[in-house]
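*Asks:* Got a predicted structure here, sequence first:
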Amino acid sequence: QVQLVESGGGLVQAGGSLRLSCAASGRAFSTYAMGWFRQAPGKDREFVAGISRAGTRIVYAASVQGRFTISKDNAKNTVYLTMNSLKPGDTAVYYCTADPDSTLPSREPDDYDYWGQGTQVTVSS
């Protein structure tokens, strides 16, 4: 069983930055591909970014490419999402996910077995 706990969400003005953290339990963290998804009110859950087990393969949604950066620290069992140039459209609950079965990150939510409770990000205009 893997437990994921997100932190770092909050309220920020458009153009600002936030860094989300996701701390994972378990000694096998280095073997997990990790991802971030988000869900805005009334919308489906949306892929944001994913990173491979070793952190060498990274994928982003087109909507955040160039503004968001995902990183993974296997020594600290933590994955991060650094968000710059935030826009009101980035407002959502952000979820950390873990996939213990894959080497490479997936864009599909069904491929992830474990989910955090989510952290709210609100970007004001």
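*Replies:* It's in. Source: prediction; values computed, not measured. Numbers count the residues shown, from 1 in each chain.
*Asks:* For Gln120, see how far away the closest residue to Thr119 other than its chain neighbours is.
*Replies:* Leaving aside its sequence neighbours, Thr119 sits nearest to Gly9 (C-beta to C-beta, 6 or more residues apart in numbering; 3.4 Å). For glycine as for every other residue, the C-beta is placed from the backbone atoms N, C-alpha and C. From Gly9 across to Gln120, the span is 5 Å (C-beta to C-beta, to the nearest Å).
*Asks:* Could you tell me which residues touch both of these two?
*Replies:* Tyr94 (C-beta atoms under 8 Å, 6 or more residues apart in numbering).
*Asks:* what's near enough to touch the residue positioned nearest the centre of the chain?
*Replies:* Nearest to the geometric centre of the chain sits Trp36, at 2.3 Å (C-alpha atoms, centre = their mean). With contacts defined as C-beta under 8 Å, 6+ apart, Trp36 is in contact with Leu20, Cys22, Val48, Ala49, Gly50, Ile70, Val79, Leu81, Tyr94, Tyr95, Cys96, Thr97.
*Asks:* Bridging across strands, which residues link to it?
*Replies:* Per DSSP bridges, the residues bridged to Trp36 are Ala49, Cys96.
*Asks:* what residue ranges in the protein score low on pLDDT?
*Replies:* Within the chain, no range satisfies pLDDT under 70.
*Asks:* residue boundaries of the helices in it?
*Replies:* Using DSSP state H, the helices of the chain do not appear at all; there are none.
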